[in-house]
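> Only the shape, not the letters, is given here:
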């Protein structure tokens, strides 16, 4: 039986690259037949990474068969996984997010959850000396994941170890981190082809905060004006997206990578209430700038209150 390796829905670079990395390791090093798959279309940055390193885009699946052998990476949240995940045979989890709960396994499994900025950093450590066997494309995917998740070391989730691993990989590959990161962020910022609804779901996670179901979305960019120029239509699309996804409200944070700040769109009194209860700010219009806010995982989700 081939083991399927996948990350979360709305795959970013880490949830696109890490399944490829781990499926390679299982198949080529451990002798376990494995296949990377995705739970949605990769975002523009992840698509660039695939093209840049000559990697084949994994098959996109909507669900898993009962009894299928799977390894979950870059999440442990059932809401971000296939509907039948608890019917599958989960073999392992590799993640760097908080433990959510709700997954059910049919057997003891390997779980590695570490407080690092990127799943690929954990995979680097788990592979050890075996990483030397990896082709350039696998190492390139690993570097891409780390630079993406750390926002080239700007994110407060970045650890010294994430940075050291990225620098080692870049030296091995002969890659300039500033130059390559600029290419990544340029690709991430190219959202012209996406509808408002697609943007609201592009990098989005579901959370229940004080009884409210929230879709908390972030868009990381070096060109925030492009997104802010679409502010009115993005806010107008929020009620329909929330209703379709079973949420009470969509929160959209536009992360300015270069200025290291977030702009939260404020379409109604509920979001205004959340913003003022969660962050040291006073909302006077339909946006509020939050200096220093870069990370949903470390700075946004833990702060949210109603």
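Structure received. Since the structure is predicted, the reported quantities are computational estimates derived from the model, not experimental observations.
> make it CA atoms for all contacts and neighbour counts henceforth
OK.
> contacts for the helix or strand hosting residue 187?
Residue 187 belongs to helix 177-189 when assigned by DSSP states H and E. For helix 177-189, contacts defined as Cα atoms under 8 Å, 6 or more residues apart in numbering pick out 43-45, 48-49, 144, 147-148, 152, 167, 170, 220-223.
> how about residue 289, secondary structure?
Reduced to three states with DSSP: H, G, I helix; E, B strand; the rest coil, the structure at residue 289 is strand.
> Neighbours of it, how many?
17 (other Cα atoms under 10 Å).
> Spatially nearest residue to it (excluding sequence neighbours)?
residue 263 (4.4 Å; Cα to Cα, 6 or more residues apart in numbering).
> Just give me the closest of the contacts of helix 177-189 to residue 231.
residue 223 (13.7 Å; Cα to Cα).
> lowest-confidence helix or strand of this structure?
strand 204-209 (a mean of 89; mean pLDDT, DSSP states H and E).
> Report all helices and strands that that one contacts.
With contacts taken as 3 or more Cα pairs under 8 Å, 6 or more residues apart in numbering; DSSP states H and E, strand 204-209 sits against strand 212-221.
> Check which residues of the strand it packs on are buried.
Within strand 212-221, the residues scored as buried using 16 or more other Cα atoms under 10 Å are 213-221.
> hmm, who's touching it?
Under the contact criterion Cα under 8 Å, 6+ apart, strand 212-221 has outside partners 185-186, 188-189, 199-208, 242, 246-257, 296.
> Filter these down to the buried ones.
Buried, going by 16+ other Cα under 10 Å: 185-186, 188-189, 199-207, 242, 247-257, 296, out of those.
> Just flag the most distant two among the buried residues of strand 212-221.
213 and 221 (25.9 Å).
> Which residue ranges of the stretch 151-300 of the chain form helices?
Assigned by DSSP state H, counting those that start in this stretch, the stretch 151-300 of the chain shows helices spanning 160-173, 177-189, 196-202, 224-228, 231-244, 269-278.
> And residue 155, how close does it get to residue 265?
Counting by Cα to Cα, to the nearest Å, the separation of residue 155 from residue 265 is 21 Å.
> what does residue 95 give?
Residue 95 is 29 Å from residue 265, by Cα to Cα.
> before we move on, what about residue 48?
To residue 265, residue 48 is 28 Å away according to Cα to Cα.
> Look at the two and report which has more neighbours.
Taking other Cα under 10 Å, residue 48 and residue 265 do not tie; residue 265 has more neighbours (24 against 18).
> Run the chain-centre distance for the helix holding residue 187.
Chain-centre distance of helix 177-189: 16 Å, with Cα atoms, centre = their mean, to the nearest Å.
> Over to stretch 206-221?
For stretch 206-221, the distance to the chain centre is 13 Å (Cα atoms, centre = their mean).
> same check, this time on stretch 82-90
20 Å.
> Out of the contacts of helix 177-189, flag the one nearest to residue 120.
residue 144 (9.0 Å).
> Relative to the least confident helix or strand of the chain, what are the paired strands and their orientations?
Looking at strand 204-209 with DSSP bridges, its partner strands are strand 212-221 (antiparallel).
> Hey, what's the angle from the strand it pairs with to helix 231-244? Just curious.
Here the directions of strand 212-221 and helix 231-244 differ by 140 degrees (axes from the mean of the first three to the mean of the last three Cα atoms, to 10 degrees).
> Need the mean per-residue confidence for strand 212-221.
Strand 212-221 carries an average pLDDT of 96.
> If you compare the directions of it and helix 177-189, what angle comes out?
Using the same axes, to 10 degrees: strand 212-221 against helix 177-189 is 130 degrees.
> in the stretch 1-150 of the chain, which spans are helices?
Counting by DSSP H, counting those that start in this stretch, the helices of the stretch 1-150 of the chain are 13-24, 44-52, 119-127, 136-150.
> deepest of these, which one?
With neighbours defined as mean count of other Cα atoms under 10 Å, the helices of the stretch 1-150 of the chain peak in mean count at helix 13-24, which reaches a mean of 27.
> For residue 8, which residues are in contact?
Per Cα under 8 Å, 6+ apart, neighbours of residue 8: 15, 38-39, 73-75, 80-81.
> now these as a markdown table including distance to residue 112?
Putting the contacts of residue 8 into a markdown table (distance: Cα to Cα, whole Å) gives the following:
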| residue | distance to residue 112 |
| --- | --- |
| 15 | 16 |
| 38 | 20 |
| 39 | 21 |
| 73 | 10 |
| 74 | 11 |
| 75 | 11 |
| 80 | 18 |
| 81 | 18 |
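> my guess is residue 166 contacts residue 145, does it?
No. Shown here, residue 166 and residue 145 do not form a contact pair, counting by Cα atoms under 8 Å, at 9.3 Å.
> List the residues that contact residue 152.
Neighbouring residues of residue 152 by Cα under 8 Å, 6+ apart: 146, 177-178, 181.
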